[in-house]
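Chemist: return atomic coordinates for the entry below.
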Amino acid sequence: MRWQNIETPTFAGSAGSAGEPAIIETMQLLDRDGNEVAAFTKAVDGTITNTVDGQPKVYRALLNQTGTNAPVATVQENTLGADVTWDYDDAGTYLVTLSLPILTAGKTCLPPLNASRTMEATDQFVVTSFYYVDTIRLRVQTAIADIAAGTLTLTDELLANSYVQILVNP
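Modeler: Now for the predicted structure:
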């Protein structure tokens, strides 16, 4: 194993974008194949954060979406090391964009997203899908399935305090 110092951009002032401390130094511990085992990041304000092999990076939030607006996320936890932006794409379709290319096919886990609209006493139910697009993007879709009619209709306003989670495994 060996340590590797990573060139890290610094920002003017004592804080980076979105009120986050500017990163001034990052060190990685690599195994003999060059895979990251652990990383330590020091910020201008002196705080040090770390990632350790075997622990997924996590994003957890509650989503609310109305009309043709982008979903609004109330972030519960974000250890991804990237900002997450939610955008409206089309009826029932929303694009999730990360500020850094950290998503990896086969290592990004997207557990089912819960939609909170109740379809009791009907032949309809809510369907959600959450899928990988590329290293910085994911897509979420919400729809109403009508069993009797045999239809699936992408629909807005199905997310109300809906729990979403993104896991990125090392």
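Chemist: surely residue 68 touches residue 88?
Modeler: Yes - in this structure, residue 68 is within contact of residue 88 by CB atoms under 8 Å, at 5.7 Å. All C-beta spots, glycine's among them, are computed from the backbone N, C-alpha and C.
Chemist: more crowded one of the two?
Modeler: Legend: neighbour count by other CB atoms under 10 Å for residue 68 and residue 88, higher for residue 88 (16 against 10).
Chemist: run through the bridge partners of the more buried one.
Modeler: residue 94 (DSSP bridges).
Chemist: check what pLDDT it gets.
Modeler: On pLDDT, residue 88 comes in at 98.
Chemist: thought it was touching residue 66?
Modeler: No - counting by CB under 8 Å, residue 88 sits too far from residue 66 to count as a contact (10.4 Å).
Chemist: what helix or strand does the closest residue to residue 110 other than its chain neighbours sit in?
Modeler: Leaving aside its sequence neighbours, residue 110 sits nearest to residue 130 (CB to CB, 6 or more residues apart in numbering; 4.4 Å). Here residue 130, judged by DSSP states H and E, is contained in strand 124-132.
Chemist: the residue nearest to residue 110: neighbour count?
Modeler: 18.
Chemist: just checking, it touches residue 108?
Modeler: No - counting by CB under 8 Å, residue 130 does not reach residue 108; the two are 10.3 Å apart.
Chemist: what touches both of the two?
Modeler: With contacts defined as CB atoms under 8 Å, 6 or more residues apart in numbering, the residues adjacent to both residue 130 and residue 108 are residue 138.
Chemist: state the pLDDT value of residue 3.
Modeler: Value for residue 3, per-residue pLDDT: 52.
Chemist: what's the answer for residue 40, then?
Modeler: 64.
Chemist: can you check the one 4 residues further on too?
Modeler: pLDDT, the model's per-residue confidence, is 64 for residue 44.
Chemist: who's in contact with residue 168?
Modeler: 56, 57, 58, 80, 102, 103, 104, 107, 108, 109.
Chemist: buried sites along stretch 151-162?
Modeler: In terms of neighbour count (16 or more other CB atoms under 10 Å), stretch 151-162 has its buried residues at 154, 155, 156, 158, 159, 162.
Chemist: so which of those belong to strands?
Modeler: 154, 162 (DSSP state E).
Chemist: so what's the residue lying closest to residue 154 once chain neighbours are set aside up against?
Modeler: With CB to CB, 6+ apart as the criterion, residue 154 has its nearest non-adjacent residue at 3.1 Å, and that residue is residue 92. Each residue near residue 92 by CB under 8 Å, 6+ apart is listed here: 141, 142, 143, 153, 154, 155, 156, 158.
Chemist: could I get the buried residues of stretch 151-162 as JSON lines with distance to residue 125 and pLDDT?
Modeler: Compiled in JSON lines, the buried residues of stretch 151-162 are given as follows (distance: CB to CB, whole Å; pLDDT from 0 to 100):
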{"residue": "154", "distance to residue 125": "14", "pLDDT": "96"}
{"residue": "155", "distance to residue 125": "12", "pLDDT": "94"}
{"residue": "156", "distance to residue 125": "17", "pLDDT": "95"}
{"residue": "158", "distance to residue 125": "11", "pLDDT": "92"}
{"residue": "159", "distance to residue 125": "15", "pLDDT": "92"}
{"residue": "162", "distance to residue 125": "15", "pLDDT": "90"}
